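In: Need the 3D shape of this:
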Amino acid sequence: MLALTHLPSPRINDAERTYVARSGIDYNRAVRQHVDYCQRLGRCGLSVRTLDVNRDLPDSVFIEDTAIVLDEIAVLASMGVESRRAEPAGIEPVLKEYRQVHRLEPGATLEGGDVLQVGQTFLVGLSARTNSAGVTALEAIVRRYNYRVIPVAVHQCLHLKTACTALPDGTLLVNPAWLEMQVLRGFDFVAVPEEEPLAADTLLIGWRVCVPAENVRTAELIRQRGFKVETVDLSEFAKADGGITCLSVLLND
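Out: Next up is the predicted model:
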């Protein structure tokens, strides 16, 4: 499996903030944390390819938002804020090395952080960054490959994956305060501790679950369910609404 990552931009202090107060990001520390993150992915068995194609765009390190990658194809995202609109075009040539790339029609917005694949199902967040036209456009593409799409309303957080990711057995790890929970009936789920509201954003690599280092109680909860937990410090990226999934695009190569 391959992980695409992107170096932090020297302009990362200008990154969008939606649900966090603006505070200074230490660029050099962010670079070190990104190196640690990539090394952790490598120790989990991934090949890591680190790009630097969008270095002048402040949010470019959050590469997950630029594309949704299936085994069959890739879907180029359409970003929900103007400052990020140029990012997918920079990533597109790299995606074309691995997949046929589909684009969305104008008017549709869809960011990768709002798309969670669980088996043959895509949970897609209706959020500040992804609109109903984006959900409909994605569904029109992926249903050709026998996937179904379930829209999930998201509130008080940036993306679906801020509030919901999947554990290795398909159980959803959620912050129920930030999701339309009734549409998730039929899924097993476990709630993160209230004192760690951002801890539902975890990165799944096989049977390993990667968790930001500050989410100690959530890491223990996952261990108690029998899964190997990897932790990494991503505090500088959290200052820009970034989570652990935001920093990579994973694909079977």
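
In: so residue 240 makes contact with residue 25?
Out: Yes: if you go by Cβ atoms under 8 Å, residue 240 and residue 25 touch, sitting 6.4 Å apart. In short, each C-beta sits where N, CA and C put it, glycine included.

In: what do these two both touch?
Out: By Cβ atoms under 8 Å, 6 or more residues apart in numbering, residue 240 and residue 25 have these common neighbours: 12, 15.

In: Let me see the contact set for the residue nearest to residue 205 when sequence neighbours are not counted.
Out: Leaving aside its chain neighbours, residue 205 sits nearest to residue 44 (4.5 Å; criterion: Cβ to Cβ, 6 or more residues apart in numbering). Neighbour list for residue 44: 205, 206, 208, 210, 230 [criterion: Cβ under 8 Å, 6+ apart].

In: ok, now residue 36?
Out: Taking Cβ under 8 Å, 6+ apart, we find residue 36 in contact with 232, 233.

In: What ranges does this protein have for its helices?
Out: 27-43, 87-95, 132-142, 160-163, 216-224, 235-238 (DSSP state H).

In: Look up how far residue 93 lies from residue 33.
Out: Applying Cβ to Cβ, to the nearest Å, the value for residue 33 to residue 93 is 27 Å.

In: Between the two, tell me which one has more neighbours.
Out: Neighbour count, other Cβ atoms under 10 Å: between residue 33 and residue 93, residue 33 has more, with 20 against 10.

In: Quick check: pLDDT value at that one.
Out: At residue 33, the predicted lDDT confidence score is 98.

In: And for residue 22?
Out: The model reports residue 22 with a pLDDT of 84.

In: Any idea how many residues pack against it?
Out: Residue 22: 10 surrounding residues under other Cβ under 10 Å.

In: any idea how far it is from residue 239?
Out: Residue 22 sits 8 Å away from residue 239, going by Cβ to Cβ.

In: What of residue 252?
Out: Taking Cβ to Cβ as the measure, residue 252 and residue 239 are separated by 32 Å.
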